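A.B. asks: Pasting the sequence and the predicted coordinates here, then a few questions.
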Amino acid sequence: MNLNDTKEMLESMKGAVFDMDGTLTDSMFLWDKASADYLLNQGIRPEPDIAKKFKTMSLHDSALYYQEKYGIKDPVEKIMKDVNDLTEKYYTTTVEAKPHVKEFLELIKASGIPMAVATSTDFYLVRKCLSHVGLLDYFETIVTCNMVGIGKTDPKVYLEALDRIGVNKTDAVIFEDSCFAITTLFNNNFNIVAIYDKSSDEDSEDIKRMSGRYIHDWSEML
C-alpha cells in the first residue's frame, strides 16, 4: 500500500484506525498534568518523570503503579475514577481537534471507508471528547485498552478495532503519534501513518524510521 500518496492510499485501504490523544486531538498535556495532580491531591510529591512512566500504561496499570509505588490504599477502580475526573472537564471544554483532521476524516468518509478509534483513554471520556470537538460521528466504533485488558505495548486494541469494522490489518492503516505504540505496530507489521505531536519530540527519528509515512500536520494528507 502506497502511504505516501493520499489518493492511492484511499483507493487501496479498506479501513482506518485512529488513536485519539495526540493524533485526533491536542490532548496529551492532560495526561501529563493529571498523573502529577492526582498525587498532589493525595498530599504526595510525584517523581519528576512520572508522566513518561505512564506513557506505555493503561489507566488500570497506572492505578496499580500508584498503589505499588506510592502506597495509595484506594481500590484500583476509585483511583481510575479520580484520575478520569481530573481530565473530564478539560476534555469537554478545553481540548481541540488537531488542525485539518476533520477535513481528512471527510475524505475517508467520502471514500466509504469505515473508521475506528483505538485508545488508552476510557470509553466515556473518548465519547465526550470526540463529541466536544465534533469528530464522534465519523467513527463506527471505539475500542479502549481497558476494554481489551492490556495497553498498547500489545496490538490487541488495534486488532479488536479492526475486527469490529471487519477489516484485515493488511488492508488497513493505523494513525498514531506515540513512539511506544508505533513500535508495537511496527513489530506486528501494520501499515502506519505517524502524526507529529510535541509529546513525542524526543522520539521523532525513531517514529520516522518505523512509519510508512510521517506528517507534521493533517493538511499534508489533503
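C.D. replies: Looks like it came in fine.
A.B. asks: Show me what the lowest-mean-pLDDT helix or strand in the chain packs onto, helices and strands only.
C.D. replies: Counting by mean pLDDT, DSSP states H and E, the chain has its least confident helix or strand at helix 50-54, which shows a mean of 80. The contact analysis (3 or more CB pairs under 8 Å, 6 or more residues apart in numbering; DSSP states H and E) places helix 50-54 against helix 28-41, helix 59-70. Heads up, the C-betas are built off the backbone N, CA and C, glycines and all.
A.B. asks: So what's the gap between that helix and the chain middle?
C.D. replies: Centre-to-centre, helix 50-54 and its host chain are 15 Å apart (CA atoms, centre = their mean, to the nearest Å).
A.B. asks: Restricting to C-alpha, output that helix in PDB.
C.D. replies: Provided in PDB are the C-alpha atoms of helix 50-54 (Å, rounded to 0.1, in the frame of the first residue of the first chain):
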ATOM      1  CA  ILE A  50       6.000  10.300  36.300                       C
ATOM      2  CA  ALA A  51       4.200  11.200  33.100                       C
ATOM      3  CA  LYS A  52       6.800   9.500  31.000                       C
ATOM      4  CA  LYS A  53       6.400   6.300  33.100                       C
ATOM      5  CA  PHE A  54       2.700   6.300  32.400                       C
END
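A.B. asks: What's the mean pLDDT across the longest helix belonging to the chain?
C.D. replies: Assignment by DSSP state H gives helix 76-91 as the longest helix of the chain. In this model, helix 76-91 has a mean pLDDT of 92.
A.B. asks: Quickly find the element holding the residue in the chain sticking out farthest from the centre.
C.D. replies: Relative to the centre of the chain, and counting by CA atoms, centre = their mean, the farthest-placed residue is residue 43 at 29.6 Å. Of the helices and strands defined by DSSP states H and E, none includes residue 43.
A.B. asks: For residue 184, see how far away it is.
C.D. replies: Residue 43 is 36 Å from residue 184, where distance means CB to CB, to the nearest Å.
A.B. asks: Nearest spatial neighbour of residue 2, chain-adjacent residues omitted?
C.D. replies: residue 8 (4.4 Å; CB to CB, 6 or more residues apart in numbering).
A.B. asks: What are the contacting residues of the helix or strand containing that neighbour?
C.D. replies: Assigned by DSSP H and E, residue 8 belongs to helix 6-12. The contact list for helix 6-12, computed with CB atoms under 8 Å, 6 or more residues apart in numbering, reads 1, 2, 3, 107, 108, 111, 113, 171, 173, 221, 222.
A.B. asks: And stretch 189-204, by the same measure?
C.D. replies: 1, 3, 13, 22-23, 26, 28-29, 32, 98, 155, 158, 169-170, 172-179, 182, 185-186, 207-208, 210-218, 221.
A.B. asks: Stretch 19-32 now?
C.D. replies: Under CB under 8 Å, 6+ apart, the answer for stretch 19-32 is 18, 51, 54, 87, 90-91, 95-98, 101, 117-121, 126, 129-130, 133, 135, 174-178, 181, 195, 197-200.
A.B. asks: just to revisit the earlier point, tell me which residues of the least confident helix or strand of the chain come out buried.
C.D. replies: In terms of neighbour count (16 or more other CB atoms under 10 Å), helix 50-54 has its buried residues at 50, 51, 54.
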